[in-house]
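Asker: Got a predicted structure plus its sequence, pasted below:
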Amino acid sequence: MSNDKLDIDAFLADSARVAAEFDAQESKVEDWESNQADLQDRQALRRVAGLSTELQDISDAEYRQLRLEKVVLVGVWVEGTAQDAENSLKELSALAETAGSEVMAGLIQRRDKPDPATFIGSGKVVELREAVVNSGADTVVCDGELSPAQLRNLEGKVKVKVIDRTALILDIFAQHAKSREGKAQVELAQMTYLLPRLRGWGDSLSRQAGGIGGRGPGETKIETDRRRINDKMAKLRREIKEMKTSRDTKRQERRRNNIPSVAIAGYTNAGKSSLMNQLTDAGVLVENALFATLDPTVRKTTSSDGRIYTLSDTVGFVRHLPHQLIEAFKSTLEEVSGADLIVHVVDGSHPDPQEQIRAVRGVINEIGGGEIAEIIAINKADIAPPEKMMQLLREEPNSFAFSARTGFGIDTLVAAIEAALPRPRVEITAVIPFSRGDLVSAIHERGEIFTETYLPEGTSIHALVDGSLAKIIENLK
């Protein structure tokens, strides 16, 4: 009996030992499988969307050609006709393409006013999300300026990046700014737009509060960002003010010498730079793109009767031009508000040139140039529909048709500009000594000469001049 018990105990001991060895082997197998799975995860690294390092050895334009953003446009039709809403969305499409995007689709919703939560309303958000998924778009562009809440809500529902019209125009300005002043103005406008739209994450949104458990971590990340942006904006304003001083000095010098100034203004891509090149051979960049030139160009030219005046090519306008840009480019836009005459260039081939005229005049009024004499110069007469050109010429009394490409109508337009220049008001008849040839030259540049004869004692001149020059000539007697 005792032997049977010993055999049973030995059997149980052997069974326990085998089970322990089996468990150990099974544990090793599980560890090996876990290590293999971990190894596979480490070898199969996945790229996180939105995190990439762009190549630094190629230009921005080349990079955009390599990777065009696919965008879906969405607008809200609040007022006007359906054609007005479609024209606005077409213009947004041109802006998006100028910024380097590929437009996949466009949606318009009829509403009394934009939805305060999502801009287009909850029902249209579902359709917008379907359009984004079906087209493979990675960005939604809204035809209007979104509030920070609308931007955040819409992004959360469509699951892709959302920008508004203002951000799109700012991006185009950032691409095309070349001068130091232009870059500073664009950066200031971008920061003005960005400041109220800063967003934090997690603890960065916390704030200090009283009581146990309510004390925050001190100055949060978003507060630090706001402070740094405010400091940078203050620095940019100082730099722009210093650069404005130089521009003001040149402008005051022209005014002191009573040199008339003509500002070429108009809608973007209407042909302002082309006209500038036709009139002055300024060599300004001409490109079939919105906001191709941002930096103003001032050139001196001479009228057919010998009077000197200046022509300035200014930044193009667009409907709903962001107020941040108007504020930042105020020193540049002063070339328009301080001019003696505005040549308002209009694209005669555009589907709705009247709307462009209204948009430009709205900006001119906003910067204080509403009372300045204006000439409407209707460009692209070679390709514009004749009936539309005749309608514009009838509606705008002081308007002239021309083509900057073919040169048609340029002479007539130049004659109209010269006729509209401010003329001297003081009539003088004097004999200028030959030793004061500088005065004779000044009369030729700034005055209007009726007769000029040469006498033994000097040059006899009968002319109209400005008051300051008349006083100098009077003191010679």
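Answerer: Yep, it's here.

Asker: Residue ranges in this protein under the pLDDT threshold?
Answerer: For the chain, applying pLDDT under 70 flags the ranges 1-67, 199-220, 251, 254-257, 282-296, 331-332, 477.

Asker: Strands of that one, start to end?
Answerer: Remark: strands assigned in the chain by DSSP state E are 69-77, 101-110, 139-142, 161-164, 261-266, 297-302, 308-313, 341-347, 373-379, 399-401, 426-432, 448-455, 458-465.

Asker: between the ones you listed, which gets nearest to Arg247?
Answerer: In terms of Cβ to Cβ, the element of the strands of the chain nearest to Arg247 is strand 297-302, at 9.2 Å. For glycine as for every other residue, the C-beta is placed from the backbone atoms N, C-alpha and C.

Asker: The closest one to strand 308-313, inter-axis angle?
Answerer: Computed by axes from the mean of the first three to the mean of the last three Cα atoms, to 10 degrees, the angle separating strand 297-302 from strand 308-313 equals 150 degrees.

Asker: circling back: and the strands of the chain as TSV, adding mean neighbour count?
Answerer: Below are these laid out as TSV (neighbours: other Cβ atoms under 10 Å):
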stretch	mean neighbour count
strand 69-77	23
strand 101-110	17
strand 139-142	24
strand 161-164	20
strand 261-266	25
strand 297-302	16
strand 308-313	21
strand 341-347	24
strand 373-379	23
strand 399-401	21
strand 426-432	16
strand 448-455	12
strand 458-465	19
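
Asker: got the ones you listed as TSV, with distance to Gln354 columns?
Answerer: Shown next, in TSV, are the strands of the chain (distance: least, Cβ to Cβ, whole Å):
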stretch	distance to Gln354
strand 69-77	19
strand 101-110	21
strand 139-142	25
strand 161-164	26
strand 261-266	13
strand 297-302	28
strand 308-313	23
strand 341-347	9
strand 373-379	11
strand 399-401	12
strand 426-432	41
strand 448-455	36
strand 458-465	38
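
Asker: how about these, which one is nearest Pro116?
Answerer: strand 69-77 (11.8 Å).

Asker: okay, that closest one in PDB with CA atoms only?
Answerer: The C-alpha coordinates for strand 69-77 follow below in PDB (Å, rounded to 0.1, in the frame of the first residue of the first chain):
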ATOM      1  CA  GLU A  69      -4.000  71.600 -52.600                       C
ATOM      2  CA  LYS A  70      -7.400  70.400 -53.600                       C
ATOM      3  CA  VAL A  71     -10.100  72.800 -52.400                       C
ATOM      4  CA  VAL A  72     -13.900  72.900 -52.300                       C
ATOM      5  CA  LEU A  73     -15.500  76.400 -52.400                       C
ATOM      6  CA  VAL A  74     -18.600  77.300 -50.400                       C
ATOM      7  CA  GLY A  75     -20.500  80.600 -50.400                       C
ATOM      8  CA  VAL A  76     -23.700  82.000 -48.900                       C
ATOM      9  CA  TRP A  77     -26.000  83.900 -51.200                       C
END
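
Asker: how's this structure carved up into domains?
Answerer: Structural domains assigned to the chain are 1-42, 64-172, 260-420, 426-474, following automatic domain parsing.

Asker: got those as a markdown table, with distance to Glu181 columns?
Answerer: Shown next, in a markdown table, are the domains of the chain (distance: least, Cβ to Cβ, whole Å):
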| stretch | distance to Glu181 |
| --- | --- |
| domain 1-42 | 51 |
| domain 64-172 | 16 |
| domain 260-420 | 7 |
| domain 426-474 | 29 |
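
Asker: For Lys244, find the nearest of those domains.
Answerer: The closest of these to Lys244 is domain 260-420. By Cβ to Cβ, the value is 4.0 Å.

Asker: Now do that closest one: distance from first to last residue.
Answerer: With Cα to Cα, to the nearest Å as the measure, domain 260-420 spans 10 Å from end to end.

Asker: one step back: the domains of the chain: which one's closest to Glu187?
Answerer: Nearest to Glu187 among those is domain 260-420; the distance by Cβ to Cβ comes to 8.4 Å.

Asker: so how far is the closest one off the chain centroid?
Answerer: 18 Å (Cα atoms, centre = their mean, to the nearest Å).

Asker: coming back round to it: quick one, which of the domains of the chain is nearest to Arg247?
Answerer: In terms of Cβ to Cβ, the element of those nearest to Arg247 is domain 260-420, at 5.9 Å.

Asker: picking up where we left off before, the domains of the chain: which one's closest to Arg238?
Answerer: Distance to Arg238, taken as Cβ to Cβ, is lowest for domain 260-420 among these, at 12.9 Å.

Asker: ok, so what distance separates Leu168 from Leu95?
Answerer: Going from Leu168 to Leu95 by Cβ to Cβ, to the nearest Å gives 5 Å.

Asker: can you check Asp138 too?
Answerer: As defined by Cβ to Cβ, Asp138 lies at a distance of 17 Å from Leu95.

Asker: Settle it for me: which of the two has more neighbours?
Answerer: Neighbours were counted for Asp138 and for Leu95 using other Cβ atoms under 10 Å; Leu95 has more, 23 against 16.

Asker: closest one to Arg180 among the domains of the chain?
Answerer: domain 260-420 (9.6 Å).

Asker: I'd like the distance between the residue nearest to Leu92 when sequence neighbours are not counted and Gly100.
Answerer: Closest residue to Leu92 apart from its sequence neighbours, by Cβ to Cβ, 6 or more residues apart in numbering: Asp143 at 4.8 Å. Separation of Asp143 from Gly100 (Cβ to Cβ): 18 Å.
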